[in-house]
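> With the sequence up front, the predicted model follows.
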Amino acid sequence: MELLPPTNVWVWTLLAVVLTWTVFHATRKTKKKSITAEVRKGCGGTDVIIVGAGVAGATLAYALATDGRRVHVIERDLREPDRMMGEVMQPGGRLMLAKLGLQDCLEEIEAQKLTGLVVYKDGKHGIAPYPVDDNFPYEPCARGFRNGRFVQRLRHKAASLPNVRMEEGTVSSLVEDKTGDIKGVKYKSKTTGEETIALAALTVVCDGAYSNLRRFLHSSKVELYTYSLGFVAKNCRLEDPNSLHLIMSKPTITMLYQISNDEVRCTTEVLPENVPSGTNDEMISFLEKVFVPQLPPKLRDIFVKGINAGPEIKKVPTKRMTTSLSCKNKKGVIVLGDAFNMRHPVIASGMMVVLSDIVILRDLLRPLDNLNEVKKLSEIVKSFHQLRKPMSTTVNTLADLFHRVLCASKDEAREAMRQECFVYLCSGGVFTSGLMSLIGGMNPRPLSLVLHLFSITFSSIATLLAPFPTPQRVWLCLRLLRVALGMLGPHVKDEGVTQMFSPAAASAYRKRYMTLTAA
């Protein structure tokens, strides 16, 4: 057979490359067009895709489905989770849960009633109860429970609705149309083992603190605070099971609280440079050496009993991540929960924030019959970011300030503020009730928080100046004032001056959302 001349070979090769390129891009364009067309037709019977079925995802699925939306929930693992975080529901969170019709999810899981804090420091202690506030329309008590049991109750409640499809699968990426807007997700179904594309007019990302989708949607920086080391002391009951016990140990805090009839959660906070590495036994040895000697005797017995049983010590990073309003200009998607906004867990208010977010989002979406109306949906997302601010700003700022003030320091000025915070919490009256109202989410007013911060600061200054001012004491007071301003400044920048200092926004939030009836 006669060989083709070299020139003909190059010509045919070039034609093959051009043809392949043309077919590839034509197929790609056709695929994008088909995706957009399918979305306009109704996305195969789905209005909303929710990635993640934790507290945020399962609650949102129920809230939207009860309004008639067709919801597809994709969760990596539908088995009962075993988490150390999300074990306390503040009074404000319980109110939001009731507004969503999910208050019964706290039943039949051995949830424990918590009436406030007991704070310990240097052999002394004080009680800080949640206040009875006529303006707060719900029982002023928190609940402690096993997070996994609560999540399963939420999932079962959502899955019981006929217009909710809850599926086990791993989402690998978001699906975009030719304009760059989000039209669904690509995921691998655990049932079939196949990669599938699910489409909807609205996608909500709720895949938690370790979200693999977050980086595609917003550029907020995640900051590491500390690590929480924790375990469950089984077959134990606190002498005062109706309080959350907070020990101002050194260098950081320790907490104990009842999470079931016979289980006590024990957690300690450790600075990153002090975290023990290695085996479970090494972490137990670290806890015995550093924290056990600092515990009050009645709490030490339970802590030691739990350690002696050889529990699995969980190590969880505590993080801070501010919210981003842009979502990189992606339309058709909303981010919720820890994938969107994180704060230090010391005041146990993360669930309260996301439940408030869901109530606001549900109410904003209700009048919108067609979620494919991109312009209206974008306006709703902007409104959502503004309306959530009183609650989120209060909690984000308070969590950070509380964590920083409670950490021990060799700085005399910071230590004076730490001591005054203890006195402030235990003094009773308007100081204690005001601060506990903020912690419990019963008074989401950032300005009130600012006033309490400076009240603690000036009380600390008065203590430092007594019995009479000296140059050294005046210098300490100036440093303390600088510390307070340094704590507050970043939050004013992140949250916004208007949101931080505008009473009108907080009043509007209370009037619209802090009632027992839906707005």
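In hand now; what should we look at?

> All the helices of the stretch 151-300 of the chain, in order from the start?
280-290, 297-308 (DSSP state H, counting those that start in this stretch).

> among those helices, which is nearest Glu415?
The minimum distance between Glu415 and the helices of the stretch 151-300 of the chain falls on helix 280-290, with 18.8 Å, by CB to CB. (Each C-beta comes from the backbone N, C-alpha and C, glycine too.)

> which residues touch the closest one?
Contacts of helix 280-290 from elsewhere in the structure, counted by CB atoms under 8 Å, 6 or more residues apart in numbering, are Leu229, Thr268, Pro276, Val304, Ile307, Gly310, Glu312, Ile313, Lys315.

> So the second one sits against Leu229, correct?
Put plainly, it is Thr268. Yes: in terms of CB atoms under 8 Å, Thr268 counts as a neighbour of Leu229; the distance is 5.2 Å.

> Looking at the two, which one has more neighbours?
Using other CB atoms under 10 Å as the criterion, Thr268 and Leu229 rank with Thr268 on top: 26 against 23.

> Quick one: residues contacting that one.
Thr268 makes contact with Ser228, Leu229, Gly230, Ser249, Thr252, Ile253, Thr254, Met255, Leu287, Val290, Phe291, according to CB under 8 Å, 6+ apart.

> Go through the contacts of helix 280-290 and name the one nearest Glu176.
Checking these against Glu176 with CB to CB, the nearest one is Lys315 at 36.7 Å.

> quick one: contacts for the closest one?
Neighbour list for Lys315: Tyr227, Ser228, Leu229, Val275, Met283 [criterion: CB under 8 Å, 6+ apart].

> Does anything pack onto the strand or helix carrying Asp363? Which helices or strands?
Using DSSP states H and E, Asp363 sits in helix 350-365. For helix 350-365, the packing partners by 3 or more CB pairs under 8 Å, 6 or more residues apart in numbering; DSSP states H and E come out as helix 55-66, helix 91-99, helix 374-387, helix 389-406, helix 503-513.

> by how many degrees do the third one and helix 389-406 diverge?
Right, helix 374-387. Calculated by axes from the mean of the first three to the mean of the last three CA atoms, to 10 degrees, helix 374-387 forms an angle of 40 degrees with helix 389-406.

> Any chance you could list what contacts helix 374-387?
For helix 374-387, contacts defined as CB under 8 Å, 6+ apart pick out 181, 201-202, 323, 325, 327, 331-332, 334, 357, 360-361, 364-365, 368, 371, 509, 512.

> tell me the mean pLDDT for it?
The pLDDT scores in helix 374-387 average 91.

> Please apply the same query to the last one.
The pLDDT scores in helix 503-513 average 92.

> Now do the buried residues in it.
In terms of neighbour count (16 or more other CB atoms under 10 Å), helix 503-513 has its buried residues at Ala505, Ala506, Tyr509, Arg510, Tyr513.

> Now tabulate those residues in a markdown table and tack on distance to Ser219.
Shown next, in a markdown table, are those (distance: CB to CB, whole Å):
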| residue | distance to Ser219 |
| --- | --- |
| Ala505 | 26 |
| Ala506 | 28 |
| Tyr509 | 27 |
| Arg510 | 32 |
| Tyr513 | 29 |
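
> Next, count neighbours for Phe384.
Number of residues near Phe384 (other CB under 10 Å) recorded here: 17.

> what about it, distance to Ile334?
Using CB to CB, to the nearest Å, Phe384 is found at 7 Å from Ile334.

> Domains in this structure, by residue range?
The record's domain parsing of the chain by automatic domain parsing lists 1-32, 48-109+147-221+321-387, 223-319, 392-513.

> what's the offset of the helix holding Asp363 from the middle of its chain?
Mean C-alpha position of helix 350-365 versus that of the full chain (CA atoms, centre = their mean, to the nearest Å) differs by 12 Å.

> now the angle between helix 374-387 and that helix, please.
Going by the same axes, to 10 degrees, helix 350-365 is angled at 140 degrees with respect to helix 374-387.

> if we can go back for a sec, shared neighbours, Phe384 and Ile334?
Between them, Phe384 and Ile334 share these contacting residues under CB under 8 Å, 6+ apart: Leu361.

> So which of the helices and strands packed on helix 350-365 is the most surrounded?
helix 55-66 (a mean of 27; mean count of other CB atoms under 10 Å).

> Could you check the angle that one makes with helix 350-365?
Using the same axes, to 10 degrees, helix 55-66 lies at 30 degrees relative to helix 350-365.

> hang on, the earlier thing: mind putting the domains of the chain into a markdown table with distance to Gly116?
Shown next, in a markdown table, are the domains of the chain (distance: least, CB to CB, whole Å):
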| stretch | distance to Gly116 |
| --- | --- |
| domain 1-32 | 56 |
| domain 48-109+147-221+321-387 | 10 |
| domain 223-319 | 6 |
| domain 392-513 | 6 |
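
> Name the SS class of the closest residue in space to Leu480 that isn't next to it in sequence, please.
If the residues on either side of it in the chain are set aside, Leu480 comes closest to Ala413, at 4.0 Å by CB to CB, 6 or more residues apart in numbering. Following DSSP: H, G, I helix; E, B strand; the rest coil, we place Ala413 in the helix state.

> Would you check that Ala413 makes contact with Val483?
Yes: using CB under 8 Å, Ala413 makes contact with Val483 at a distance of 6.0 Å.

> Could you tell me which residues touch both of those two?
Counting by CB under 8 Å, 6+ apart, no residue touches both Ala413 and Val483.

> Extract the C-alpha set from the strand or helix carrying Val450 and format it as CSV.
Per DSSP H and E: Val450 is located in helix 446-465. C-alpha atoms of helix 446-465 as CSV (Å, rounded to 0.1, in the frame of the first residue of the first chain):
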residue,chain,number,x,y,z
PRO,A,446,-25.4,45.1,69.5
LEU,A,447,-25.5,48.5,71.2
SER,A,448,-26.5,46.9,74.5
LEU,A,449,-23.5,44.7,74.2
VAL,A,450,-21.2,47.6,73.6
LEU,A,451,-22.6,49.3,76.7
HIS,A,452,-22.0,46.2,78.8
LEU,A,453,-18.4,46.0,77.5
PHE,A,454,-17.6,49.6,78.5
SER,A,455,-19.4,49.1,81.8
ILE,A,456,-17.1,46.2,82.6
THR,A,457,-14.1,48.3,81.3
PHE,A,458,-14.9,51.3,83.5
SER,A,459,-15.6,49.1,86.5
SER,A,460,-12.2,47.6,86.0
ILE,A,461,-10.6,51.0,85.7
ALA,A,462,-12.3,52.1,89.0
THR,A,463,-10.9,49.0,90.7
LEU,A,464,-7.4,49.6,89.3
LEU,A,465,-7.4,53.3,90.5
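
> what element comes up after that helix heading to the C-terminus?
helix 471-495.

> Next, the buried residues of that following helix.
For helix 471-495, by 16+ other CB under 10 Å, it's 473, 476-477, 479-481, 483-484, 487-488, 491-492, 494-495.

> can you give me how far the helix or strand following it is from the chain middle?
Sequence order places helix 497-501 as the next helix or strand after helix 471-495, per DSSP H and E. In terms of CA atoms, centre = their mean, the centre of helix 497-501 is found 22 Å from the chain centre.

> now do stretch 166-177
Put simply, stretch 166-177 sits 22 Å off its chain's centre (CA atoms, centre = their mean).

> Need the contact partners of that stretch.
By CB under 8 Å, 6+ apart, the list of residues contacting stretch 166-177 reads 32, 35-36, 39, 51, 53, 61, 72-78, 155, 158-159, 182-191, 195-197, 199, 203, 207, 212-213, 216-217, 330, 333.

> average pLDDT for it?
Mean predicted confidence for stretch 166-177 is 95.

> Give me the pLDDT for Met1.
In this model, Met1 is scored at 43, pLDDT.
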